[in-house]
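Trainee: Please work out how this folds:
(6 chains)
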Protein chains: 6
Amino acid sequence: MSEQWLTSLITDDAQQGYELAIKLSRMGVKYTQPSDEVRGKLRPVYGEDANSLIASSQVIAINFQTVSAANNYWRK
Amino acid sequence: MSEQWLTSLITDDAQQGYELAIKLSRMGVKYTQPSDEVRGKLRPVYGEDANSLIASSQVIAINFQTVSAANNYWRK
Amino acid sequence: MSEQWLTSLITDDAQQGYELAIKLSRMGVKYTQPSDEVRGKLRPVYGEDANSLIASSQVIAINFQTVSAANNYWRK
Amino acid sequence: MSEQWLTSLITDDAQQGYELAIKLSRMGVKYTQPSDEVRGKLRPVYGEDANSLIASSQVIAINFQTVSAANNYWRK
Amino acid sequence: MSEQWLTSLITDDAQQGYELAIKLSRMGVKYTQPSDEVRGKLRPVYGEDANSLIASSQVIAINFQTVSAANNYWRK
Amino acid sequence: MSEQWLTSLITDDAQQGYELAIKLSRMGVKYTQPSDEVRGKLRPVYGEDANSLIASSQVIAINFQTVSAANNYWRK
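Mentor: Next up, the predicted model:
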């Protein structure tokens, strides 16, 4: 992937950090399955499967650990 | 999601930290499946499935690691 | 949940820390499925399923990481 | 469980630390399913299931992170 | 595997770090199944399975934690 | 297991560290299923199952976190 999509792990606040964690999680899927068409077809499948949603939240949680540590937990 | 739902990882005590971890875990599901209606339909499914409940507790545990570290484990 | 069930992550020794990790793991299930009756029905199911037991041990392991770090690994 | 089975996370070397991680992983199963008889019946099931074995190794890996950190990685 | 494929965990920026995490994740598969032919056959299977894609993203997330810590989160 | 198979987590470089993480992951399986014969029978099963391969890579990733931290990420 030549496109630049990630320049820094630093965000202004915790919520932006959480949203960056979501982006990181989605990019992991996108690198593994680059076709927008295939990913688009899968969306309604995992979006209505409770276990897939829990698994998605878990990937976000792992990436959020990384982003939170990078930002020193946005401690003031 | 434009709404502000997370302003800080700092909580008064460990139990509030655990409850924030639950909120983080739920938001991971909500960002992936924004429809209240669809999530509402899934609730009775995973709520009665032992493995889904264990998986949910795991996501909470991962987020609780983050929140606990942010709060320096609420050490006095 | 208004009841206070977690006041501190600090324990006297490693085994009490492990037992706190178990409590944290169970509370993750309880917050997700608050009905004692439903959880009671599920117990014999996951209690006799090897993969559910391994998954339960994994959640405990993750929470035990948190509790152990909080206690500085009970180093003397 | 009133019996004392864990007194310290400190071990003499890395291999003993790995073996303690195995013990921690097994105790997570034992606390969840205290019956020796039931666990005994499940052993041949997960022992011949590749995915259960991989999952078991994962729980050990998580506990080994904890034990390794406790021992400062047995650095000399 | 005698070939040298990993010389350092240090990368110029976060995106290169993420791409190294992807490489680490793929190498874990390759060491376990060294046959290019078998892995090639499996690609269309997991590439169209939402849960496999989420699981792949999770492995990347775990490796990205390691790479990010190694690079001190690319803080300036 | 009386045999000494792990003397240190310190390795010369990152790739050797990754290979140690693979060894740790395999030993977790071996301790759980000591029979070479049974493990040998399972190998072709998980070796051709995409999800098992992804799960194997995940265990390696977790152990690689430990080995990397032990080696201070092989920073010069």
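Trainee: now A:N63: how far from A:S25?
Mentor: The gap separating A:N63 from A:S25 is 5 Å, by C-beta to C-beta, to the nearest Å. From N, CA and C alone the C-beta is placed, and that goes for glycine too.
Trainee: Neighbour count: the two, which is higher?
Mentor: It is A:N63, of A:N63 and A:S25, that has more neighbours when counted by other C-beta atoms under 10 Å in any protein chain shown, with 32 against 27.
Trainee: Tell me if whichever strand or helix holds that one is near chain E.
Mentor: According to DSSP states H and E, A:N63 maps onto helix A:50-70. Yes - using C-beta under 8 Å from any C-beta of the partner chain, we find that helix A:50-70 touches chain E at A:51-52, A:55-56, A:58-59, A:62-63, A:65-66, A:69-70.
Trainee: Please name the nearest non-neighbouring residue to the closest residue to chain C within chain A.
Mentor: Chain C sits closest to A:I54 of chain A, with a gap of 9.6 Å, by C-beta to the nearest C-beta. Of all residues beyond its chain neighbours, the one nearest A:I54 is B:A55 (4.8 Å), with distances taken as C-beta to C-beta, 6 or more residues apart in numbering or on different chains.
Trainee: doesn't A:S57 make contact with that neighbour?
Mentor: No - taking contacts as C-beta atoms under 8 Å, B:A55 lies outside contact range of A:S57: 9.3 Å.
Trainee: Just want to know which of those two has more residues nearby.
Mentor: Using other C-beta under 10 Å, the more surrounded residue of B:A55 and A:S57 is A:S57, with 29 against 23.
Trainee: what is in contact with A:N63 and A:S25 at once?
Mentor: E:A61 (C-beta atoms under 8 Å, 6 or more residues apart in numbering or on different chains).
Trainee: For stretch A:32-51, report the contacting residues that lie outside it.
Mentor: For stretch A:32-51, the surrounding residues in contact (C-beta under 8 Å, 6+ apart) are A:1, A:29-30, A:52-53, A:56, B:32-33, B:38, B:42, B:45-46, B:49, B:51-52, B:55, E:46-51, E:53-54, E:56-57.
Trainee: in it, what's buried?
Mentor: Neighbour-count burial for stretch A:32-51 flags A:32-33, A:39, A:42, A:46-51 (criterion: 16 or more other C-beta atoms under 10 Å in any protein chain shown).
Trainee: residue ranges with poor pLDDT in chain A?
Mentor: Along chain A, segments meeting pLDDT under 70 span A:1-2.
Trainee: From E:A55, how far out is A:T32?
Mentor: 10 Å.
Trainee: so which of the residues of helix A:50-70 next to chain E would you say is closest to chain F?
Mentor: Closest to chain F, out of all of the residues of helix A:50-70 next to chain E and judged by C-beta to the nearest C-beta, is A:I62, at 10.4 Å.
Trainee: Next, the contact list for that closest one, please.
Mentor: B:62, E:58, E:61-62, E:65.
Trainee: can you tell me which residues contact the closest residue to chain E within chain A?
Mentor: Closest residue of chain A to chain E, C-beta to the nearest C-beta: A:G28 (2.9 Å). Shown in contact with A:G28 (C-beta under 8 Å, 6+ apart): A:59, E:22, E:56-58, E:60-61.
Trainee: and what of A:A14?
Mentor: A:68, A:71, A:73-74, B:6-9.
Trainee: Now, of the residues you listed, which are buried?
Mentor: Neighbour counting over these (16+ other C-beta under 10 Å) leaves A:68, A:71, A:73-74, B:6, B:9 as the buried ones.
Trainee: Tell me the secondary structure at the residue of chain A positioned farthest from its centre.
Mentor: Here the centre of chain A is the reference, and by C-alpha atoms, centre = their mean the most remote residue is A:K76, at 25.0 Å. Using DSSP: H, G, I helix; E, B strand; the rest coil, the structure places A:K76 in coil.
Trainee: next one: A:L20
Mentor: helix.
Trainee: Now for it, how many residues are close by?
Mentor: When neighbours are counted by other C-beta under 10 Å, A:L20 registers 21.
Trainee: Flag every buried residue along stretch A:10-20.
Mentor: A:10-11, A:14-15, A:17-20.
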